[in-house]
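1. When you get a sec, could you give me coordinates for this:
(2 chains)
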Amino acid sequence: MATATRDQVATRVEDALVEFGADRDAIADDATFEALDIDSLDLVELAQIVEDDYGVALTTKDLEGIDTVGKAIDLVVERVG
Amino acid sequence: MSRRAVITGVGAVSPLGVGADALVDRWSAGECGIADGLGRCTEFDPVELLDRKVARRSDRFTQMALVAADEAIAQAGWGGGAPLPVERIGCVIGTGIGGIGTIEDQHDVLRDRGPEKVTPLGIPLLMANAAAGAVAMRHGLKGQCFGTVSACAAGAHAIGTGLRMVQYGDADAAVIGGTESALTALADAAFAAMGATSPTGISRPFDARRDGFVMGEGAGVLVIEEEEAARARGAEILGRLSGYGATADAHHITAPEPSGEGAVRAMRAALADAGRSAADIDYVNAHGTSTPLNDRAESAALETVLGERAGEIPISSTKSAIGHLLGAAGAVEAVATTLALARRIAPPTVGWSEREEGLDLDYVPDLGRRLASNGRPLVAISNSFGFGGHNAVLCLEAA
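-> Numbers count the residues shown, from 1 in each chain, chains lettered A, B, ... in the order given. Modelled structure (predicted):
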């Protein structure tokens, strides 16, 4: 399993959100997915990217309550250890 | 039916370019958008024409429908919002296959990387009704909305269904058309395996040397509005969608009934719906696929419908210039016919030069031809026939 710093994860998540169509300038830890127009389908894609890059499997249950960019980064960092 | 529909916007993405004018200008000049045996929309760049989120959530067939619909809606003057309640606007977009590119790509993912790697966007990308849903969502259209699926007649069925909504009073306007992007390895192999596509890669409808169709991609969309309301708001009227007729051959899953009997009934039904007779027809936009069977059966059907005038009426096939757009064909051809009538021109059957015995009609070789003024709006029919024995015919008239 890969290890990663919070900054590395934050960069990967930001790139993914931009790829999904979010405005890079609007992305911040406290930005909500709703404000970024990121929906549940995008989050499933994000989970697939996280699994590919870090070997961590996130289920839809894990993603419940993850409504900001910062929460998503923290979840990934915590799981990657 | 007292309610009538006028056309206030048209849009197209085709192998002749992005835009309805590009299609009709270039086709009328005898140009052909087919290269290396395919009618690919090389000038279509979805990322430039749609924003990133919309583009990545749409299969190419949906992307093309969105761009064609944007053009049609802008032309109708709806750019700043529809001039009537959105609950009264229908949206029907046909396709022959839907997102076959997505199906093939995601099947590769499934086989090579496993089921957990298949994209969550797979179903919304591939479903055949995705284009209809996406167009309605983009423009907030809240009337009846669905796709039609009838192979190469899907675009014409979608347009006819939209006309019925307006005639019947279920809608006061409709955004209607067809779209297809199936230039994929699987579609190519499957059409070739059944001997439908041209081994020489040349689309020459009604010519003695024709040897199958050339696959193309693209989309066509029209905006129609109930006539009185459209005139009351001062809309620019491009033409009239005056009639629709649809029948089935019930003969063979792919081959047309040789006499064209089902096609004859569909043409007559479309004319009757429009309150016209065969004597009123000024131009025929043929299905004209460049397959040996279709072009023979369609010519026979047209001889039956047109009777003594059969040899006098200009008949041409858009497929000579762009190939066969499958579920988009009827819609792109309706767009082309609308503008052709507005410009009083019968575009040519590009490349036609060798007459086949028994195919005795005027197929308009070489260049577009001026349609004679006869003191009343010009009338055309546009034919679409699909595998499965589907026949759908539209009657279109100049404004």
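2. show me where pLDDT drops low in chain A?
-> A:1-2 (pLDDT under 70).
3. All the helices of it, residue numbers only.
-> A:6-20, A:40-54, A:69-80 (DSSP state H).
4. can you tell me if the first one touches chain B.
-> If I follow you right, that is helix A:6-20. Yes - residues of helix A:6-20 contacting chain B under CB under 8 Å from any CB of the partner chain: A:E19, A:F20. Every residue, glycine included, has its C-beta placed from N, CA and C.
5. Which one of the helices of chain A lies nearest to B:R265?
-> Nearest of these to B:R265, taken as CB to CB: helix A:40-54 at 45.2 Å.
6. residues of that closest one that come out buried?
-> A:L41, A:D42, A:L43, A:V44, A:E45, A:L46, A:A47, A:Q48, A:I49, A:V50, A:D53, A:Y54 (16 or more other CB atoms under 10 Å in any protein chain shown).
7. List of residues touching that helix?
-> With contact meaning CB atoms under 8 Å, 6 or more residues apart in numbering or on different chains, helix A:40-54 is reached by A:1-2, A:4, A:9, A:12-13, A:16-17, A:20, A:33, A:56-60, A:62-63, A:66, A:72, A:76, A:79-80, B:116-117, B:119-121, B:124.
8. Next, count neighbours for B:G234.
-> Here the number of neighbours of B:G234 (other CB atoms under 10 Å in any protein chain shown) works out to 9.
9. Any idea which residue of the stretch 51-200 of chain B lies closest to chain A?
-> Residue nearest to chain A within the stretch 51-200 of chain B (CB to the nearest CB): B:K53, separated by 2.6 Å.
10. That residue: what's it in contact with?
-> A:F20, A:G21, A:D37.
11. Just the closest of those residues to B:A279, please.
-> Using CB to CB, these come closest to B:A279 at A:G21, 54.9 Å.
12. What pLDDT does the model give the closest residue in space to the closest one that isn't next to it in sequence?
-> In this structure, A:G21 finds its nearest non-sequential neighbour in B:K53, 2.6 Å apart by CB to CB, 6 or more residues apart in numbering or on different chains. Here the pLDDT value assigned to B:K53 is 93.
13. does B:G77 sit in a helix, a strand or a coil?
-> coil (DSSP: H, G, I helix; E, B strand; the rest coil).
14. Skipping adjacent residues, who's closest to it in space?
-> Closest to B:G77 by CB to CB, 6+ apart is B:A235, at 6.4 Å.
15. tell me the contacts of the one you found?
-> Per CB under 8 Å, 6+ apart, neighbours of B:A235: B:V6, B:T8, B:A76, B:G77, B:P83, B:E225.
16. check which helix or strand covers it.
-> Secondary-structure assignment from DSSP states H and E places B:A235 in no helical or strand segment.
17. Distance check, it against B:R4.
-> 14 Å (CB to CB, to the nearest Å).
18. for stretch B:172-187, how far is the first residue from the last?
-> Terminal residues of stretch B:172-187 lie 38 Å apart, using CA to CA, to the nearest Å.
19. what about it, average pLDDT?
-> For stretch B:172-187, the per-residue pLDDT averages 98.
20. Can you report how many residues lie near residue 67?
-> Using chain A. 15.
21. Correction: the question concerned chain B.
-> Count around B:V67 with other CB under 10 Å applied: 26.
22. Confirm the residue of the stretch 51-200 of chain B closest to chain A sits in a helix?
-> Yes - counting by three-state DSSP, B:K53 is part of a helix.
23. distance of it from A:E78?
-> Applying CB to CB to B:K53 and A:E78 gives a distance of 29 Å.
24. One more: B:A187?
-> 46 Å.
25. Which one's more surrounded, those two?
-> Set side by side, B:A187 and A:E78 show more neighbours around B:A187, with 21 against 9, by other CB under 10 Å.
26. Which element, helix or strand, includes the residue lying closest to B:L49 once chain neighbours are set aside?
-> Spatial nearest neighbour of B:L49, excluding adjacent residues (CB to CB, 6+ apart): B:V67 at 4.9 Å. In this assignment (DSSP H and E), B:V67 forms part of helix B:60-75.
27. just checking, what packs against that helix?
-> strand B:5-14, helix B:46-49, helix B:52-56, helix B:130-139, strand B:173-180, strand B:218-226 (3 or more CB pairs under 8 Å, 6 or more residues apart in numbering or on different chains; DSSP states H and E).
28. residues of the second one that come out buried?
-> Using 16+ other CB under 10 Å as the burial criterion, the residues of helix B:46-49 that qualify are B:P46, B:L49.
29. could you say what helices and strands it packs with?
-> helix B:60-75.
30. Would you mind writing the CA trace of the helix it packs on as CSV?
-> Taking C-alpha atoms only, helix B:60-75 is exported to CSV below (Å, rounded to 0.1, in the frame of the first residue of the first chain):
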residue,chain,number,x,y,z
ARG,B,60,-20.4,11.3,-28.4
PHE,B,61,-24.0,10.6,-29.7
THR,B,62,-25.3,12.8,-26.8
GLN,B,63,-22.7,15.4,-27.3
MET,B,64,-23.7,15.8,-30.9
ALA,B,65,-27.4,16.1,-30.1
LEU,B,66,-26.6,18.8,-27.5
VAL,B,67,-24.7,20.9,-30.0
ALA,B,68,-27.3,20.5,-32.7
ALA,B,69,-30.0,21.4,-30.2
ASP,B,70,-28.1,24.5,-29.0
GLU,B,71,-28.0,25.7,-32.6
ALA,B,72,-31.7,25.0,-33.2
ILE,B,73,-32.8,26.6,-30.0
ALA,B,74,-30.6,29.7,-30.5
GLN,B,75,-32.1,30.1,-34.0
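31. Run the angle between that helix and strand B:5-14 for me.
-> On the basis of axes from the mean of the first three to the mean of the last three CA atoms, to 10 degrees, helix B:60-75 is oriented at 130 degrees to strand B:5-14.
32. buried residues in helix B:60-75?
-> Buried-residue list, helix B:60-75, by 16+ other CB under 10 Å: B:60-73, B:75.
33. that older thread, OK, contacts around the residue nearest to B:L49?
-> B:V67 touches B:G11, B:V13, B:V18, B:F44, B:P46, B:L49, B:L50, B:A219, counting by CB under 8 Å, 6+ apart.
34. Contact partners for the residue of chain A found nearest chain B?
-> Per CB to the nearest CB, A:G21 is where chain A lies closest to chain B, at 2.6 Å. Applying CB under 8 Å, 6+ apart to A:G21 gives the contacts A:D37, B:D51, B:R52, B:K53, B:V54, B:R56.
35. If I look at B:A372, what pLDDT would I see?
-> For B:A372, the model assigns a pLDDT of 89.
36. so who does it touch?
-> With CB under 8 Å, 6+ apart, B:A372 has these contacts: B:D282.
37. Would you check how far apart it and chain A are?
-> According to CB to the nearest CB, to the nearest Å, B:A372 stands 52 Å off from chain A.
38. Shouldn't that residue be within a helix?
-> No - counting by three-state DSSP, B:A372 is not found in a helix; it is coil.
39. interface residues of chain B facing chain A?
-> Residues of chain B found near chain A (CB under 8 Å from any CB) are B:D51, B:R52, B:K53, B:V54, B:R56, B:E116, B:K117, B:T119, B:P120, B:L121, B:P124.
40. residues touching the closest residue to B:R57 other than its chain neighbours, list them.
-> Counting by CB to CB, 6+ apart, B:L121 is the residue found nearest to B:R57 once chain neighbours are left out, at 6.0 Å. Shown in contact with B:L121 (CB under 8 Å, 6+ apart): A:L41, A:E45, B:R56, B:R57.
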